[in-house]
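1. build me a model from this:
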Amino acid sequence: MSIKSASGLCCKSNSFRARALPGALSTVLFAAMLGLLLIICPTANAGNPAVWSLVWSDEFDGPNGSPVDSSKWSFDIGAGGSNGWGNNELETYTTRTANSDLEGGFLVIKALKETFTGTDGFTRNYTSARLLTRNKFSQAYGRFEARLKIPYGQGLWPAFWMLGDNINTAGWPSCGEIDVMENIGKEPSIVHGTFHGPGYSGGSGISAAYALTSGQKFSDDFHTFAVEWEPNVMRFYVDGLLYKTRTPADLPAGTSWVFDHPFFIILNVAVGGGFPGNPDASTVFPQRMVVDYVRVYQRAVPSNVPVLFTDEGTARALALDSVTFQRDPFPVRNSNNFSPDQTTRLMLLSANLDLQPGDDSSTVTAQADDGKGHAFPLNVEWVGRLPNFDWITVVIAKLPDQLLGADQALISVTAHGQSSNQVSVSLSP
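-> Reported below is the predicted structural model:
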């Protein structure tokens, strides 16, 4: 797998946590592996066909000023009744290109301050747009991802979210709601990932927050927001970093998980309401949410099948010597190794290594094929999550003596009966 595709990968649960490595080794390991990731992969994308398959997208390519593709999107319109879409919001949603259009390869949703009477007869002092894929596209499970630059300011409420497509029959919140990204405009550095269902809706939704550091604001630049949703698990991401995993164990007692049917996608910028509060004198209009793309993936392989990372377009392992932090060719014997046997240990990166609470290095096995029909076991000495990258597992394995004299090896790992792809490393005398 390509490291460029790493953000689209994830183990089934982040409930497993690596035990600390001895002394400063954990810090060195983290710095080395993270440094390698950043050098090789300054940007990250999902979509490697070995793991994810793109099934629906909108890249918003079209003439400037044109409306969105009507084969993919429809609109909610009006003020949503006297209670403002159930949240005491202040805007009227329209289908006008003044509130949403294509500009330079982006979708732009614009919140305007203007007195406007909608077709529902309600007159409000703000307009905006709420786009949805209802009756055009819905899917159960997958990776739902959007790259956005959101607005900011008191009273603004940009969101990328989903509703169950059975809402007409089940009603809300029994249909389920998944908020991939919500932002309260007065908190420009914080976004929320939340889901709602019967008994855990509205202010009682199951939520987690992600915050930028060093005074950065989400309105300063584009950021990628995603949820990976599978049976009985949801994982929330910002810019490829997993910040929260949720399962039915997170629900209040006596409530049910209602996320086992198709959902449709919604993009909108609300103005006012119970969550963000109303605009005040500090709020500047117009405001814009700029959307680079929306993409939806399905898994091409089960999430518990390990995938070892390789260079883009090759089978060369993304692996380091555990002491020198150098890439291949690897000597089997290395006088720089701290161990009494002076044998090289490899640090391998894997996604989908399906570790469970309590698992340790004995759960994972590894083997090397010398390319001549001989396979030899590798002693796995440590496994654990890469700090801040919970979807990546580090495997440290010792090269076997049988590879002395070989010029290459094909390495794979196995956990819980699931074996990974084979990756290649070159060996030196």
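2. only C-alpha atoms for contact and neighbour calcs from this point on.
-> Will do.
3. render the CA-only coordinates of the helix or strand hosting Ala366 in CSV, please.
-> Element membership of Ala366, judged by DSSP states H and E, is strand 364-369. This file holds the C-alpha atoms of strand 364-369, laid out as CSV (Å, rounded to 0.1, in the frame of the first residue of the first chain):
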residue,chain,number,x,y,z
VAL,A,364,1.3,-11.1,15.7
THR,A,365,3.6,-13.5,13.7
ALA,A,366,5.8,-12.6,10.8
GLN,A,367,7.7,-14.6,8.1
ALA,A,368,10.2,-13.9,5.4
ASP,A,369,10.4,-15.7,2.1
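4. show me the contact partners of it.
-> With contacts defined as CA atoms under 8 Å, 6 or more residues apart in numbering, strand 364-369 is touched by 375-380, 383, 397, 409-416.
5. let's go with 7 Å and repeat that
-> Residues outside strand 364-369 that contact it (CA atoms under 7 Å, 6 or more residues apart in numbering): 375-378, 380, 409-415.
6. who's the closest residue in space to Gly176 that isn't next to it in sequence bridged to?
-> Spatial nearest neighbour of Gly176, excluding adjacent residues (CA to CA, 6 or more residues apart in numbering): Gly197 at 4.9 Å. Beta-bridge partners recorded for Gly197 (DSSP bridges): Tyr200.
7. what sits against Gly197?
-> Gly197 touches 173-174, 176-177, 258, counting by CA under 7 Å, 6+ apart.
8. C-terminal to the strand holding Ala366, what's the next element?
-> The first helix or strand that comes after strand 364-369 along the chain, using DSSP H and E, is strand 375-386.
9. what does the pLDDT read for the most centrally placed residue in the chain?
-> For the chain, Tyr237 is the residue whose C-alpha lies nearest the centre (CA atoms, centre = their mean; 3.5 Å). Here the pLDDT value assigned to Tyr237 is 88.
10. that one contacts His223, doesn't it?
-> No. The pair Tyr237 and His223 does not pass the contact test of CA atoms under 7 Å, sitting 10.4 Å apart.
11. rewinding a little: give me the sheet partners of the strand holding Ala366 and which way each runs.
-> Checking strand 364-369 against DSSP bridges gives partners strand 375-386 (antiparallel), strand 408-415 (antiparallel).
12. adding distance to Ile167, mean neighbour count and mean pLDDT, write those strands out as a markdown table.
-> Putting the strands paired with strand 364-369 into a markdown table (distance: least, CA to CA, whole Å; neighbours: other CA atoms under 10 Å; pLDDT from 0 to 100) gives the following:
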| stretch | distance to Ile167 | mean neighbour count | mean pLDDT |
| --- | --- | --- | --- |
| strand 375-386 | 38 | 20 | 90 |
| strand 408-415 | 40 | 21 | 94 |
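13. Pro329 is nearest to which of those strands?
-> strand 408-415 (8.4 Å; CA to CA).
14. can you name the element that comes right after the closest one?
-> strand 418-419.
15. about what we covered before: now the two most distant members of the contacts of strand 364-369.
-> Ala409 and Ala415 (19.9 Å).
16. what residues are up against Tyr293?
-> 58-60, 146-147.
17. now Val332: how far from Ser350?
-> 22 Å (CA to CA, to the nearest Å).
18. now the helix or strand hosting Thr393 and strand 408-415, what's the angle there?
-> Here Thr393 sits within strand 389-398, counting by DSSP H and E. Orientation note: strand 389-398 sits at an angle of 120 degrees relative to strand 408-415 (axes from the mean of the first three to the mean of the last three CA atoms, to 10 degrees).
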